[in-house]
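> My questions are about this predicted structure, shown below with the sequence.
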Amino acid sequence: MSSLLNSLTTELRRGTLTLAVLSQLRTPQYGYSLVQLLEKSGITIEQSTLYPLLRRLEKQELVTSSWDTSESRPRRYYVLSEFGTEIFQQLKNEWEKTSQELYTLLKGEGEDEVD
């Protein structure tokens with residue numbers, strides 16, 4: 001792939017990764033479990049991308065985190081906040097609308113004939 005295509009692909013994926021991560025935080029997850037869940041769905045995310053994203057989502061108050069120290073290895077769990085659940089639902093609706101519109105465009109439907 002050319003560097004331009006790589007750059008455009010990265011840009012395209014950036015927003016979808018946020019939605020993908022939010023979709024998996026309806027139940028508490030720690031970083032590695034989140035990576036595994038996403039990979040099961042075919043979405044690859046590097047830990048170097050995931051953790052800054054989780055910190056940003058927490059700063060935006062979309063997710064909350066807490067430490068579980070009951071295991072030998074402490075883990076930080078992330079889950080959607082009430083606000084995050086509302087925003088996720090709105091983003092999901094927007095994604096479904098936009099992806100349907102794009103699907104129609106990419107199929108070539110809805111093209112008006114120009115004389």
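Done, it's in.
> now the strands for this protein?
29-30, 63-68, 75-80 (DSSP state E).
> In a markdown table, list those strands along with mean pLDDT and distance to residue 51.
The way it works is simple: take the backbone N, C-alpha and C, and place the C-beta from them, glycine included. Shown next, in a markdown table, are the strands of the chain (pLDDT from 0 to 100; distance: least, Cβ to Cβ, whole Å):
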| stretch | mean pLDDT | distance to residue 51 |
| --- | --- | --- |
| strand 29-30 | 96 | 11 |
| strand 63-68 | 97 | 11 |
| strand 75-80 | 97 | 10 |
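> Determine which of those strands approaches residue 89 most closely.
Proximity to residue 89, assessed across the strands of the chain by Cβ to Cβ, is greatest for strand 75-80 (9.9 Å).
> Could you check the angle that closest one makes with strand 63-68?
On the basis of axes from the mean of the first three to the mean of the last three Cα atoms, to 10 degrees, strand 75-80 is oriented at 150 degrees to strand 63-68.
> Can you mark which positions in strand 75-80 are buried?
75, 77, 78, 80 (16 or more other Cβ atoms under 10 Å).
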